[in-house]
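> Have a look at this fold, sequence not included:
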């Protein structure tokens, strides 16, 4: 485990074991976002499959000497826990108080309660960073990624996921606090402009763009707005009961993990998954 004091003089460890910054900063994320996610993450096919995809590529492209991965904006710690269970050393960096509490409920102990700005990490101090569905919440994505590049060591790794395809934009993106969706080329261009080299990139969730377009994007484009999202709505979207459909979904998703394990690129999907290196 990395020595936190060696990467930031700003952070102070509290009696609860959490590392705190003295400053705070607003983020583009719904105030109740972590509450809603926490209610569905453990039963969600989407969160589960995304974790499996992330673990697959991190195993294929691990941090040098298995050094610590900083899961920045990691919410309730669902991805952090998945990586820890896969044998990686992880520190959760999260600016939301609810997310911190939920991560502690999950048993995470290596937690920083801050944004990257308020954490004030030293230059070239982090070996690996995860940004899992974070970049789309940042209005100036290039400036944000340039600030990430400053704190990552040369040849350090960046793992990221972002929602795909601008044509899939809908009211769901607005409610989630997104500023944009990306193509693989689009997120690659942003990362390259920010001082990174793309090592691997692929779409995941190959079956999702069509239902997203038909059920979310098209109604939004023609002016049919959906009622405000609730935890019940989100649970219905993410949870899949056992049975024929669950078995079918597993059969559809498993080949994606096989492809990623073989480092095979998929050309279509509901999310982009990227591994990049600081240059």
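Received the coordinates, thanks. Computed from a predicted structure; not experimentally measured.

> use CA for all of it now, contacts and neighbours both
Noted.

> residue ranges for the helices of the protein, please.
Under the criterion DSSP state H, the chain carries helices at the ranges 33-40, 45-60, 78-85, 97-105, 116-119, 141-151, 171-175, 184-193, 209-212, 218-221, 231-238, 244-261.

> can you redo these as CSV with distance to residue 5 and mean neighbour count?
Conversion of the helices of the chain to CSV gives the following (distance: least, Cα to Cα, whole Å; neighbours: other Cα atoms under 10 Å):
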stretch, distance to residue 5, mean neighbour count
helix 33-40, 28, 18
helix 45-60, 26, 20
helix 78-85, 21, 20
helix 97-105, 20, 19
helix 116-119, 11, 18
helix 141-151, 14, 19
helix 171-175, 37, 16
helix 184-193, 28, 18
helix 209-212, 44, 16
helix 218-221, 48, 16
helix 231-238, 38, 14
helix 244-261, 36, 14
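
> Ends of stretch 61-79, what's the gap?
Distances were taken as Cα to Cα, to the nearest Å; on that basis the terminal residues of stretch 61-79 are 17 Å apart.

> mind listing what's buried in that stretch?
Taking 16 or more other Cα atoms under 10 Å as the neighbour-count basis, stretch 61-79 is seen to contain the buried residues 61-63, 67-79.

> before we move on, back to that, among the helices of the chain, which is nearest residue 16?
Across the helices of the chain, residue 16 has its closest neighbour in helix 97-105 (9.9 Å, Cα to Cα).

> Report the mean confidence score over the closest one.
What helix 97-105 shows for mean pLDDT is 95.

> Give me the contact list for that helix.
Here helix 97-105 makes contact (Cα atoms under 8 Å, 6 or more residues apart in numbering) with 34-35, 38, 75-78, 94, 111, 113.

> Apply 7 Å and report the result again.
Outside of helix 97-105, the residues within contact range by Cα atoms under 7 Å, 6 or more residues apart in numbering are 34, 75-77, 94, 113.

> In TSV, list those residues along with distance to residue 273 and pLDDT.
TSV is the format used below for the contacts of helix 97-105 (distance: Cα to Cα, whole Å; pLDDT from 0 to 100):
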residue	distance to residue 273	pLDDT
34	22	84
75	18	95
76	20	96
77	18	97
94	21	96
113	26	96
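
> Out of the residues you listed, which sit inside strands?
Within the contacts of helix 97-105, residues falling in strands by DSSP state E are residue 113.

> Spatially, which two of the contacts of helix 97-105 are the most separated?
The two members of these with the most space between them (Cα to Cα) are 34 and 113, at 14.2 Å.

> CSV please, covering the contacts of helix 97-105 and showing distance to residue 210.
Putting these into CSV (distance: Cα to Cα, whole Å) gives the following:
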residue, distance to residue 210
34, 27
75, 28
76, 29
77, 29
94, 32
113, 38
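
> Show me which of the contacts of helix 97-105 is closest to residue 155.
Taking the contacts of helix 97-105 together and measuring to residue 155 by Cα to Cα, the closest member is residue 94, at 24.2 Å.
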